[in-house]
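**Student:** give me a model of this one.
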Amino acid sequence: MVTGKIKVSEKAYETAVREIKEETNIDVDEIFVVPRINSFYNEADDEIILIPVFVVLIKKKC
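**Tutor:** Reported below is the predicted structural model:
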C-alpha cells in the first residue's frame, strides 16, 4: 500500500500517481476511484481524517 500527503493545489488522484512513482518507480497507466472512503481519528489533533482509495493498472515490464 502506497500512502502520502496531498500537496497544496494537487488533486487526490494526482497525489496517488506521484506517490506511486516516488515510492516504487512505477508509472501508472490507468487509475480508478474505489467507491470507498477510509477514515481514522487523529487523537493528537482531535480530528477525523478522510482518505480516498484508488486502484491503478500498470503495464507489465518484461
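
**Student:** is V53 in contact with R36, as I believe?
**Tutor:** Yes. The pair V53 / R36 is scored as a contact, 5.2 Å apart, by CB atoms under 8 Å. Backbone N, C-alpha and C define where each C-beta goes, glycine included.

**Student:** between those two, tell me which one has more neighbours.
**Tutor:** V53 (14 against 8; other CB atoms under 10 Å).

**Student:** quick one, what contacts the residue nearest the centre of the chain?
**Tutor:** Nearest to the geometric centre of the chain sits A16, at 3.3 Å (CA atoms, centre = their mean). Contact partners of A16, counting by CB atoms under 8 Å, 6 or more residues apart in numbering, are V2, G4, V28, I31, F54, V56.

**Student:** mind giving me a markdown table with those and columns for secondary structure and distance to E47?
**Tutor:** Formatted as a markdown table, the contacts of A16 follow (DSSP: H, G, I helix; E, B strand; the rest coil; distance: CB to CB, whole Å):
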| residue | secondary structure | distance to E47 |
| --- | --- | --- |
| V2 | coil | 23 |
| G4 | coil | 18 |
| V28 | coil | 29 |
| I31 | strand | 27 |
| F54 | strand | 22 |
| V56 | strand | 28 |
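
**Student:** between those, which sits nearest I48?
**Tutor:** The shortest gap between I48 and any of the contacts of A16 belongs to G4, at 19.1 Å (CB to CB).

**Student:** how many residues are close by the closest one?
**Tutor:** Using other CB under 10 Å, G4 has 13 neighbouring residues.

**Student:** show me what the mean pLDDT comes to for stretch 36-43.
**Tutor:** Average pLDDT, stretch 36-43: 94.

**Student:** next one: stretch 5-19 to chain centre, how far?
**Tutor:** Distance of stretch 5-19 from its chain centroid, counting by CA atoms, centre = their mean, to the nearest Å, is 7 Å.

**Student:** identify each buried residue in that stretch, please.
**Tutor:** Y13, T15, A16, V17, R18 (16 or more other CB atoms under 10 Å).

**Student:** and the last one, what's its pLDDT?
**Tutor:** Yep, that's R18 we're talking about. 96.

**Student:** cool, the first one as well?
**Tutor:** In the predicted model, Y13 carries a pLDDT score of 96.
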